[in-house]
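*Asks:* attaching a predicted model along with its sequence, questions to come.
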There are 2 protein chains.
Amino acid sequence: MTQRTDIRRRLEEHGIQASAQRLAIAEYVLATDQHPAADTVLEVVAARLPVVSRATVYNTLHLFVEKGLLRELVLSEGRVVYDPKVEPHHHFVDETSGAIVDVPWEALRVEGVPELPGLDVSEFQVVLRGRRRARRRDG
Amino acid sequence: MTQRTDIRRRLEEHGIQASAQRLAIAEYVLATDQHPAADTVLEVVAARLPVVSRATVYNTLHLFVEKGLLRELVLSEGRVVYDPKVEPHHHFVDETSGAIVDVPWEALRVEGVPELPGLDVSEFQVVLRGRRRARRRDG
DNA sequence: ATCGTTCTTAGACTAAGTCCAATCTTCGGT
DNA sequence: ACCGAAGATTGGACTTAGTCTAAGAACGAT
């Protein structure tokens, strides 16, 4: 398991002191593509680590966001959700399941942003809603 | 004040039975360009109408959304906010003040949405973040 | 080993929103 | 104008997400 050491190194590179709790949280939240809410993180992490408090989960998630390891998304329905993919990309929200799907930046082209009068845009994304079509199961 | 009757007609056209509370709420929330939260609506409306309960404000806002008079937006930080402009448009969030600014649909061009594999997109918008530039005061 | 800093913890607290049973309004029919 | 049914409103209890705090535990440099 160099996995664990990799994560430790990654935290330290971002100026975050490692701890059992932070490692456990990182191990889950930095690897998932599920866009979990804080609550989900707490559940998942609590299952592996003997004891971890809610306050720590919130503290840690906020710290990770501040240090650029995680991005906080608020896309629908009072759901604050965390995304380990920090590069710019778009999001699709499945209206049936609530699932959030990443849409690669290159998949869409947005024109006109620099020309908006009176607005200095520092970042943007397209938020799409709809249904995910049944997946052909071919991997 | 034909204002009041106009609103009444508008509610009825959308299959909504009028009532003092609903009229008061509609009068504010359908005319504002402020993107108020439920809480704000409660405050504003409570100031004019002798008594209106929180439950009613929430019920009414949800009803208006369901009937297509209002759109619910969740753009940042656990803030659920209501927008009387139901036609498609984009949104800019001022990072300093939290203010939400409408961006006309025609101001941006988004290409590539129909080609997204596996996704049936029913609606989308661009969400932008940044600072509003100081407004030249020329009206 | 010690000391100061940093992390974690439980639990109280807050804010946003929901739920519910009882009460009050409204509307259509007469 | 009146009546009853259907629908709307109410306060208050409840839930859920998140914050705060004071006290204790672990860390790392000496």
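*Replies:* Looks like it came in fine.
*Asks:* now do the longest strand belonging to chain A: which elements does it pack against?
*Replies:* Using DSSP state E to assign secondary structure, the strand with the most residues in chain A is strand A:119-132. For strand A:119-132, the packing partners by 3 or more Cβ pairs under 8 Å, 6 or more residues apart in numbering or on different chains; DSSP states H and E come out as strand A:90-94, strand A:100-103, strand B:119-132. Glycine gets a C-beta too; all of them are placed from N, C-alpha and C.
*Asks:* what angle do it and strand B:119-132 make?
*Replies:* If you take axes from the mean of the first three to the mean of the last three Cα atoms, to 10 degrees, strand A:119-132 sits at 160 degrees to strand B:119-132.
*Asks:* walk me through which strands strand A:119-132 pairs with, and which way each runs.
*Replies:* Taking DSSP bridges as the criterion, strand A:119-132 forms sheet pairs with strand A:90-94 (parallel), strand B:119-132 (antiparallel).
*Asks:* buried residues in that strand?
*Replies:* Residues of strand A:119-132 classed as buried under the neighbour-count rule (16 or more other Cβ atoms under 10 Å in any protein chain shown) are A:L119, A:F124, A:Q125, A:V126, A:V127, A:L128, A:R129, A:G130, A:R132.
*Asks:* is stretch A:27-46 up against DNA strand C anywhere?
*Replies:* No - using Cβ under 7 Å from any atom of the strand, no contact is recorded between stretch A:27-46 and DNA strand C, whose separation bottoms out at 9.2 Å.
*Asks:* ok, for A:L108, nearest residue in space, not its chain neighbours?
*Replies:* Counting by Cβ to Cβ, 6 or more residues apart in numbering or on different chains, B:G112 is the residue found nearest to A:L108 once chain neighbours are left out, at 4.2 Å.
*Asks:* okay, that neighbour and B:R133: tell me how far apart.
*Replies:* 29 Å (Cβ to Cβ, to the nearest Å).
*Asks:* tell me the SS of the closest residue to A:Y28 other than its chain neighbours?
*Replies:* With sequence-adjacent residues excluded and distances taken as Cβ to Cβ, 6+ apart, A:Y28 is closest to A:V44, at 5.2 Å. Look at A:V44: counting by DSSP: H, G, I helix; E, B strand; the rest coil, its state is helix.
*Asks:* give me the number of residues near A:V44?
*Replies:* By the other Cβ atoms under 10 Å in any protein chain shown criterion, the neighbourhood of A:V44 contains 19 residues.
*Asks:* what's the helix or strand of chain A with the lowest mean pLDDT packed up against?
*Replies:* With mean pLDDT, DSSP states H and E as the measure, the helix or strand of chain A carrying the lowest mean pLDDT is helix A:2-13 (a mean of 85). In terms of contact count using 3+ Cβ pairs under 8 Å, 6+ apart, helix A:2-13 is assigned the packing partners helix A:20-29.
*Asks:* so which of the helices and strands packed on strand A:119-132 is nearest DNA strand D?
*Replies:* The stretch from the helices and strands packed on strand A:119-132 with the least distance to DNA strand D (Cβ to the nearest atom of the strand) is strand A:100-103; that distance is 14.5 Å.
*Asks:* measure how far the helix or strand following the closest one is from the centre of its chain, please.
*Replies:* Heading C-terminal from strand A:100-103, the first helix or strand you meet, by DSSP states H and E, is strand A:109-111. Going by Cα atoms, centre = their mean, to the nearest Å, the spacing between the C-alpha centre of strand A:109-111 and its chain's C-alpha centre is 24 Å.
*Asks:* and strand A:109-111, what's its mean pLDDT?
*Replies:* When the per-residue pLDDT values of strand A:109-111 are averaged, the result is 98.
*Asks:* repeat for stretch A:55-73
*Replies:* 96.
*Asks:* quick one on the thing from earlier: columns distance to DNA strand C and mean pLDDT on top of the strands paired with strand A:119-132, output as JSON lines?
*Replies:* As requested, those are arranged in JSON lines below (distance: least, Cβ to the nearest atom of the strand, whole Å; pLDDT from 0 to 100):
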{"stretch": "strand A:90-94", "distance to DNA strand C": "17", "mean pLDDT": "95"}
{"stretch": "strand B:119-132", "distance to DNA strand C": "18", "mean pLDDT": "95"}
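*Asks:* turn those strands into JSON lines, including distance to B:T40.
*Replies:* As requested, these are exported to JSON lines (distance: least, Cβ to Cβ, whole Å):
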{"stretch": "strand A:90-94", "distance to B:T40": "25"}
{"stretch": "strand B:119-132", "distance to B:T40": "20"}
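*Asks:* great, nothing more from me.
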